[in-house]
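Everything below, folded, please.
(one chain, ligands or ions: 2)
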Amino acid sequence: MTSGMLSVFCTICMILAQYGSSHGKCTDGWNKVLVTSSSGSVLFGQKANLIEAVKHGAEVRFYVDAWGGEGYLSSTQNAFFKNGEVCAQALMHVSKSGWNGFHSNVYWWFVIICTTGNVHMSRWYVGAHTKVSETQTTVQITWFVRLFGNCELGDFKPLLCSEKNGSATCGNKNALADAVDNGADVRVLNHFNSQSGYMTPFSNIDINSNVVAGQYLWHVSQTHSGNHIDFQSDAYWWFTMWSTGGTRDMSRWSVGSHQDRGHTSDKVALEWFADTCWTLAYKHDRNGANIKGSKDYLKSAILNGHRVKVIRNRYSIEADNVQIKNGEVSAQLLGHVSKASIQKFQDNAYWFWQHVSTTGDVNTVRYNVGSKTNRGNDDSKTEVSWFIDTRPWTHVLSTSSSGTATFGNKSKLIDAIKAGSMLRFVIHLGGEKLVLQADNMALNNGGTELAAQTIRTISYTNDKIRKFQSNPYWYFSIVTTQGDVKTSKWTVGDHENRGGDSKKAAIDWFVN
Ligand SMILES: *[C@@H]1O[C@H](CO)[C@@H](O)[C@H](O)[C@H]1NC(C)=O
Ligand SMILES: *[C@@H]1O[C@H](CO)[C@@H](O)[C@H](O)[C@H]1NC(C)=O
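Residues are numbered from 1 along each chain as shown. Ligands and ions are numbered 1, 2, ... in the order given. As a prediction, the model looks like this:
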């Protein structure tokens, strides 16, 4: 190991020591590493610590004081660093009216936040290539990271450094493939030079005998502006596929339209990081018969807040939402766009969405990206390995449909959120339990109530086996500690309002 790498590890260890985390365990929590003022000055921590964490695959979350309530916390989808500054995209938000409701005419509210204090908001009607407006502003930001590490080895070095020509200059591909087979999350660092680079997670990962390749979908086109980044004015989705063979394939589609903005490939050098805080909970055959583990254990883990990942034939993808009904688990898998091969998108790309259930049933639908054109649906059977994350999720609160605490207390939940925690919740809808993860959260009533918004759910049928509806809609939801479950429904691939509803439900809340 070079002394340069050693000093990087030491920096990471110091960040952890400084904020009191135990090092390299799945119990590592979210660390507040930095507070930047609206002019980009440092009010707490160090920018270098955030950059070191990002360079090692850390997940980044942020908190701002205002934005539609009395405090706002969100996840980020990717991060970029340059000249001592970090910018991250936070895309998972659609327009709200007030802290706990939807706008009647819903638009995407894409945000880029930067340690320079710069914030760019770009607003596009859902299902249309129509910009509502954009705003350049500055704001004070609190930055949280959670290290993305190999918890068994207790260190944070890449499992593989792959060069443009596909050779490895550190680690090896088999170790990476083994980690993926055992449920690991993977992220890659694309180092441009010593001063700048890009960190991306993956929406799904595939392995064959030659390569490990990941696909990522949640990035909107951006442009450099001095030391910070803005969205491009004519925004497109920048879908990417990265492989250990050194290839990067890029498929670009106008936001809200099936307009091809270019499909190209190049070669990149990458550092691959794995987070192995996942374990197999249950494996069954194509008819839903037990092979390994236990379905009850899987269900119990899900109802206690754990994230869920599905692996079939060395293809790994996390569930965007999970349903438990009639004793079966059904994962909705939305993070996939059609592939021509393990390393390349199809030219004429479509969404490839699936429901996978513990009965072995798979329901697949295909829609052109940015349009309502259906490219064919089918049903099949498959053997499935279900993984759950092994990070500790704490049940901090249950609320009744009238919004009173029936377990725990609301301030405990809100304290955790203000400290950067992720949030998952189980909504009790009659015989159905729907498990969602918050994309963004707003506080209100003097910081005593919380509203969580979740973006990635597509409408499904009420059959015994969960299936996508025909003419499906995005099922955006806002769930509050007052017992509200509000939805806003928009046709997939069109700016067509399908209504919405406002229900009351009992909810269990979990933080991490
Ligand atoms: C691949 O690239 C690396 C780094 O640029 C170099 O050290 C190595 O010799 C190359 N390997 C082959 C087979 O060309
Ligand atoms: C709620 O939890 C907080 C700790 O976050 C504690 O200080 C407070 O006393 C609790 N309130 C009630 C009513 O249990």
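
which residues does residue 108 bridge with?
Note on residue 108: beta-bridge partners by DSSP bridges are residue 94, residue 124.

can you count the residues close to it?
22 (other CB atoms under 10 Å). (C-beta placed from N, C-alpha, C; glycine too.)

Kindly report the same for the one 5 residues further on.
By other CB under 10 Å, the residues close to residue 113 number 27.

ditto for the one 3 residues further on
Applying other CB under 10 Å, we find 23 residues neighbouring residue 116.

Could you measure from the residue nearest to it when sequence neighbours are not counted over to ligand 1?
Spatial nearest neighbour of residue 116, excluding adjacent residues (CB to CB, 6 or more residues apart in numbering): residue 40 at 4.0 Å. To ligand 1, residue 40 is 35 Å away according to CB to the nearest ligand atom, to the nearest Å.

Over to residue 208?
Separation of residue 208 from ligand 1 (CB to the nearest ligand atom): 20 Å.

Would you confirm that residue 251 contacts residue 217?
No. Counting by CB atoms under 8 Å, residue 251 does not reach residue 217; the two are 9.4 Å apart.

Residue 178: what secondary structure?
helix (DSSP: H, G, I helix; E, B strand; the rest coil).

And for residue 87?
Going by three-state DSSP: residue 87 is strand.

contacting residues for it?
Counting by CB atoms under 8 Å, 6 or more residues apart in numbering, residue 87 touches 79, 80, 81, 112, 113, 114, 115, 116, 118, 228, 229.

Just grab the bridge partners of it for me.
residue 80, residue 114.

and it, how far is that from ligand 1?
Look at residue 87 and ligand 1: by CB to the nearest ligand atom, they are 28 Å apart.

do the same with residue 104
Residue 104 is 55 Å from ligand 1, by CB to the nearest ligand atom.

so who does that residue touch?
Residues near residue 104 by CB under 8 Å, 6+ apart: 97, 497.

returning to what we had before: with neighbour numbers in mind, choose between residue 251 and residue 217.
The neighbour comparison of residue 251 against residue 217 (other CB under 10 Å) goes to residue 251, with 28 against 21.

The nearest residue to that one once chain neighbours are set aside bridge partners, please.
Spatially, and ignoring its direct neighbours in sequence, residue 251 is nearest to residue 345 (4.0 Å; CB to CB, 6+ apart). Beta-bridge pairing of residue 345 under DSSP bridges involves residue 339.

and this structure, which of its residues are near ligand 1?
Proximity of the chain to ligand 1, by CB under 6 Å from any ligand atom, involves residues 163, 165, 167.

Could you pull up the residues touching the residue nearest the centre of the chain?
Centroid-nearest residue in the chain: residue 77, 6.2 Å away (criterion: CA atoms, centre = their mean). Contact partners of residue 77, counting by CB under 8 Å, 6+ apart, are 88, 89, 90, 91, 92, 201, 218, 219.

ok, of the residues you listed, which one's closest to residue 309?
Among the contacts of residue 77, residue 201 lies closest to residue 309 (CB to CB), at 12.8 Å.

That closest one reaches residue 184, doesn't it?
No. Using CB under 8 Å, residue 201 is not in contact with residue 184; the gap is 11.7 Å.

secondary structure element for residue 329?
Per DSSP states H and E: residue 329 is located in strand 328-333.

list the helices and strands that strand packs on?
Judged by 3 or more CB pairs under 8 Å, 6 or more residues apart in numbering; DSSP states H and E, strand 328-333 is in contact with helix 295-303, strand 308-312, strand 321-325, strand 350-357.

For the stretch 401-512 of the chain, just list every one of the helices.
410-418 (DSSP state H, counting those that start in this stretch).

no, scratch that, I was asking about the stretch 51-200 of the chain
173-181.

Point me to the residue of it nearest ligand 2.
Closest contact between the stretch 51-200 of the chain and ligand 2, by CB to the nearest ligand atom, is at residue 71 (15.7 Å).

What is the neighbour count of that residue?
Using other CB under 10 Å, the number of residues around residue 71 comes to 21.

Could you do residue 69 as well?
20.

returning to that earlier point: which one of the contacts of residue 77 is nearest to residue 350?
Nearest to residue 350 among the contacts of residue 77: residue 218, at 17.2 Å, using CB to CB.

Confirm that the closest one sits in a strand.
No. With three-state DSSP as the criterion, residue 218 is located in coil rather than a strand.

Look up the closest residue to it, ignoring the ones flanking it.
residue 77 (4.0 Å).

give the contact list for residue 425.
Residue 425 sits in contact with 435, 436, 438, 452, 479, 507, 508, 509, 510, where contact means CB under 8 Å, 6+ apart.

Kindly report the same for residue 297.
281, 282 are the contacts of residue 297 under CB under 8 Å, 6+ apart.

Try it again at 6 Å.
residue 281 (CB atoms under 6 Å, 6 or more residues apart in numbering).

so residue 236 makes contact with residue 219?
No. Residue 236 lies out of contact with residue 219 (CB atoms under 6 Å); the separation is 9.7 Å.

Out of those two, name the residue with the larger neighbour count.
Taking neighbours as other CB under 10 Å, residue 236 and residue 219 compare with residue 236 leading, 22 against 19.

Which parts of the stretch 51-200 of the chain are strands?
For the stretch 51-200 of the chain, the strands defined by DSSP state E, counting those that start in this stretch cover 59-64, 72-75, 78-82, 85-90, 107-114, 118-125, 131-138, 141-146, 160-162, 168-171, 185-193, 196-201.

Is it possible to get the helices and strands packed on strand 328-333 out as TSV so that each row also shows mean pLDDT and distance to residue 364?
Shown next, in TSV, are these (pLDDT from 0 to 100; distance: least, CB to CB, whole Å):
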stretch	mean pLDDT	distance to residue 364
helix 295-303	98	22
strand 308-312	98	12
strand 321-325	98	17
strand 350-357	98	5
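
closest one to residue 287 among the ones you listed?
Going by CB to CB, the one of the helices and strands packed on strand 328-333 nearest residue 287 is strand 350-357, 11.5 Å.

Now do the closest one: which elements does it pack against?
strand 328-333, strand 361-368 (3 or more CB pairs under 6 Å, 6 or more residues apart in numbering; DSSP states H and E).

looking at these, which is buried most?
Greatest average neighbour count among the helices and strands packed on strand 350-357 goes to strand 328-333 (a mean of 22), per mean count of other CB atoms under 10 Å.

which parts of the stretch 401-512 of the chain sit against ligand 2?
Checking the stretch 401-512 of the chain against ligand 2 by CB under 6 Å from any ligand atom, the hits are 409, 411, 412, 415.

With distance to residue 381 and pLDDT as extra columns, can I get the residues you listed in JSON lines?
Listed next are those as JSON lines, based on distance: CB to CB, whole Å; pLDDT from 0 to 100:
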{"residue": "409", "distance to residue 381": "45", "pLDDT": "93"}
{"residue": "411", "distance to residue 381": "47", "pLDDT": "95"}
{"residue": "412", "distance to residue 381": "43", "pLDDT": "95"}
{"residue": "415", "distance to residue 381": "46", "pLDDT": "95"}
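
wait, which of those is closest to ligand 1?
residue 415 (48.3 Å).

So for stretch 183-201, mean pLDDT?
Across stretch 183-201, the average pLDDT comes to 94.

first vs last residue of it, how far apart are they?
14 Å (CA to CA, to the nearest Å).

In it, which residues are buried?
Neighbour counts over stretch 183-201 (16 or more other CB atoms under 10 Å) mark 183-191, 197-201 as buried.

just how off-centre is that stretch within its chain?
15 Å (CA atoms, centre = their mean, to the nearest Å).
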